[in-house]
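A.B. asks: Sequence plus the predicted model coming up.
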Amino acid sequence: MKLSVGIFFGGFFAALGVLLFLVAFGTDYWLLATERGRCSKAPEDAGVSFFWRCWFSGNVGENNASMWNFWYTNQSPSKNCTHAYLSPFPLIRDEHNSTSYDSAIIYRGFWTVLMLLGVLTIVMASFFIICAAPFASHILYKAGGGCFIIAGVLFSLVVVMYVIWVQAMADLENYTNVKKMGCPDFVVYVRYGWSFMLAPIGVFFALL
């Protein structure tokens, strides 16, 4: 009886972890940026995911530091998206040192491999758990649990690498200086978004 209860909760937490992973990695709100400046026609908000940068314009009020500005019901009816493979900010390659640019490519290459391995591992784990349920196979349950742990570790590395990328490799200061050349009172507010916050919770449930 205790074993059955443990298996049930293990599968439940694993499924919850998978759901949180899908929501976190499938949305564009890992990094949130709000740009303000009198030179702009309207304030601009941007949401950044692993591979996309989406932005929309509109009057969102004076609460510049609130994530509520990026909730679905508060956004503009239309938004524009572009690839954000190397930087969350639209910078030009020729303005940067080529060595740094190439290093960023290698860094994001490892990042992508870890993410794909994590997705593959979590799919394998789900397959093992689904196959184990009808036959009550403890071997398959253990294999599925091991895959969930490996996936949790891989996704943990992805989250850590994302934080390092934002803090050390995204040149926010240079981006702000370039913007201030045309608009002296330009200011940008940057914060981690709710997609980023869901990822560690998913990691916790996967490891649990």
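C.D. replies: Sure thing, it's come through.
A.B. asks: Mind jotting down where the helices sit in this structure?
C.D. replies: 2-25, 98-135, 138-164, 172-182, 194-207 (DSSP state H).
A.B. asks: nearest to residue 188, of these?
C.D. replies: helix 172-182 (5.9 Å; CB to CB). All C-beta atoms are positioned from the backbone trio N, CA, C, and that covers glycine.
A.B. asks: pLDDT of the closest one, averaged?
C.D. replies: Averaged across helix 172-182, pLDDT comes to 75.
A.B. asks: coming back round to it: I'd like the helices of the chain as JSON lines, with distance to residue 32 and mean neighbour count appended.
C.D. replies: Shown next, in JSON lines, are the helices of the chain (distance: least, CB to CB, whole Å; neighbours: other CB atoms under 10 Å):
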{"stretch": "helix 2-25", "distance to residue 32": "14", "mean neighbour count": "16"}
{"stretch": "helix 98-135", "distance to residue 32": "20", "mean neighbour count": "15"}
{"stretch": "helix 138-164", "distance to residue 32": "14", "mean neighbour count": "18"}
{"stretch": "helix 172-182", "distance to residue 32": "13", "mean neighbour count": "13"}
{"stretch": "helix 194-207", "distance to residue 32": "9", "mean neighbour count": "19"}
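A.B. asks: Just tell me which of those helices ends up closest to residue 31.
C.D. replies: helix 194-207 (7.1 Å).
A.B. asks: contacts for that closest one?
C.D. replies: 13-14, 16-21, 23-25, 27-31, 49, 67, 70, 122, 148-149, 151-153, 155-156, 158-159, 162 (CB atoms under 8 Å, 6 or more residues apart in numbering).
A.B. asks: picking that back up, of all the helices of the chain, which one is nearest residue 53?
C.D. replies: helix 172-182 (12.1 Å).
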